[in-house]
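Novice: model this:
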Amino acid sequence: SLLNPQLAEMIATAKGKGLSVSLSTNVSFLSKRKAEELAASGLDMIILSMDSEKSETYEKIRLGNDFSDIYEKVKTFLQINDRRIFTVIQKIHMSENRFSTWSYIKEMNSLGADLVRLKPYRDLDRRKNHLRVKNTDAQKTSSMRCPYLWKVAVYNWEGQMVPCCVDYDSNIKIGSAFES
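Specialist: Next comes the predicted model:
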């Protein structure tokens, strides 16, 4: 989503049609300029994925990302946003980061987001089962049906419409923002 140069315009268009607009991002492309554009765009909610408060764990999960850079981008966004957009800092709870829950909550709360959320890892791709946390309540809920399926439209960064936000790799494409 942040890769799209017309993102702020797309948000404004959707808002002009009376729609509620949310965005989820791994923060890697959230520059200061993009943060300023988003804060002024009318976006209703943003989810900032920050899968660990520890550099080593974060960089193991988010290959190629630098923890310090991402952490600073989150802080910068929160300062620029100044509570205009409802902001969620979210940890996808998986096998690599399951041990630091309380320290994560404490650290992320200190940044000043509206909500810190732990979300169980789910994916439609069964080849990624190794990422799920075993023998937990999160595993029991992984077979639940998506409550948003009939309520929201989910578009990925390429403009592909998918039925649910856990279709991370766009395995089930049902439309495009560029087709009527």
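Novice: where do the helices of this structure begin and end?
Specialist: 7-16, 32-41, 55-61, 67-81, 101-109, 137-141 (DSSP state H).
Novice: closest one to Asn26 among these?
Specialist: Each of those was checked against Asn26 via Cβ to Cβ, and the shortest separation belongs to helix 67-81, namely 8.0 Å. Backbone N, C-alpha and C define where each C-beta goes, glycine included.
Novice: returning to that earlier point: closest one to Lys119 among the helices of the chain?
Specialist: Proximity of the helices of the chain to Lys119 was assessed by Cβ to Cβ; the nearest stretch is helix 137-141, lying at 8.5 Å.
Novice: where does pLDDT dip in the protein?
Specialist: Low-confidence regions of the chain, defined here as pLDDT under 70, cover residues 123-148, 180.
Novice: work out which residue lies at the spatial centre of it.
Specialist: The central residue of the chain, meaning the one whose C-alpha is nearest the mean C-alpha position (Cα atoms, centre = their mean), is Ser24 at 3.1 Å.
Novice: need the nearest residue in space to it, chain neighbours excluded.
Specialist: Ranked by Cβ to Cβ, 6 or more residues apart in numbering and with sequence neighbours excluded, the top spatial neighbour of Ser24 is Ile47, at 4.0 Å.
Novice: show the contacting residues for the one you found.
Specialist: Ser22, Leu23, Ser24, Thr25, Val88, Gln90, Arg117 (Cβ atoms under 8 Å, 6 or more residues apart in numbering).
Novice: ok, now Val152?
Specialist: Taking Cβ under 8 Å, 6+ apart as the contact definition, Val152 lies against Ser22.
Novice: please report how far it lies from Gly16.
Specialist: The span separating Val152 from Gly16 equals 18 Å under the rule Cβ to Cβ, to the nearest Å.
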